[in-house]
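[1] sharing a model prediction with you, sequence too.
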Amino acid sequence: MRLLLISDTHLPVRAKKLPEPVWDAIDRADVVIHAGDWVSVALLDELEARAARLIGCWGNNDGPDLRARLPEVARVTLDGVSLAVVHETGSAKGREERCEKAYPGVDVLVFGHSHIPWDTTSAGGLRLLNPGSPTDRRRQPYCTYQTATITSGRLADVALHNL
């Protein structure tokens, strides 16, 4: 199962559209995961129409129209891997321990908000992934997104892609 992870698209504020390499990755993915700050309902509509499967949550910059259609925390089990998707996890200091307590039983937590790519594993085995942003690099050298696979109940092949 091929996954595409994105967050903090901020359309059309930070960019008019998603970069073509992201659309290409969406077309190849079995599941697209968006960790909030869509800003535009039009992007949600477009991803729902184009993605094979879409899982997403709302972020702090998402208004009532998006919040009416998306959960604050999305939870799903894909091929035996339990995932949660949330926009904010708080400061980087203590993140692994804090998230481990907040999301018991979750194997992978996908989050956004900071626009800073993140890939760590807590002492208890929770994998934390932040794909950064494909449209607003902030203080990062590149705009980014992540891909991964789930094979036989295991997350694998996590890769960060620079745009």
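    That came in fine, so what should we check first?
[2] pretty sure Ala51 contacts Asp30?
    No - using C-beta atoms under 8 Å, Ala51 is not in contact with Asp30; the gap is 9.2 Å. The C-beta positions use only the backbone N, C-alpha and C, and glycine is treated the same way.
[3] these two: which is more packed in?
    Ala51 (19 against 15; other C-beta atoms under 10 Å).
[4] just give the nearest non-adjacent residue to the more buried one, would you?
    Val32 (4.1 Å; C-beta to C-beta, 6 or more residues apart in numbering).
[5] how close does the one you found get to Pro134?
    12 Å (C-beta to C-beta, to the nearest Å).
[6] the two: who's more crowded?
    Neighbours per residue (other C-beta under 10 Å) separate Val32 from Pro134, with Pro134 holding more: 27 against 23.
[7] that one: what's it in contact with?
    Ile6, Thr9, Leu18, Pro19, Val22, Cys143, Thr144, Tyr145, Leu163 (C-beta atoms under 8 Å, 6 or more residues apart in numbering).
[8] rewinding a little: the residue nearest to Ala51 reaches Leu47, doesn't it?
    Yes - judged on C-beta under 8 Å, Val32 makes contact with Leu47 at a distance of 6.2 Å.
[9] need the overlap of contacts for these two.
    Common contacts of Val32 and Leu47 (C-beta under 8 Å, 6+ apart): Ile26, Leu54, Gly56.
[10] how much space between the last one and Thr151?
    Using C-beta to C-beta, one gets 23 Å for the distance from Gly56 to Thr151.
[11] quick one: which of the two has more around it?
    With neighbours defined as other C-beta under 10 Å, Gly56 and Thr151 compare such that Gly56 has more, 27 against 12.
[12] look up how far Ala29 lies from that one.
    Taken as C-beta to C-beta, the span from Gly56 to Ala29 is 13 Å.
[13] what's the answer for Ala15, then?
    Remark: distance between Ala15 and Ala29 (C-beta to C-beta) = 20 Å.
[14] between these two, who's got more neighbours?
    Ala29 (20 against 15).
[15] the closest residue to the more buried one other than its chain neighbours: which element?
    Of all residues not flanking Ala29 in the chain, Leu4 sits nearest, at 3.9 Å (C-beta to C-beta, 6+ apart). Element membership for Leu4 (DSSP states H and E) is strand 2-6.
[16] ok, residues contacting that strand?
    18, 22, 25-26, 28-35, 78, 110, 129, 131, 133-134, 145-150.
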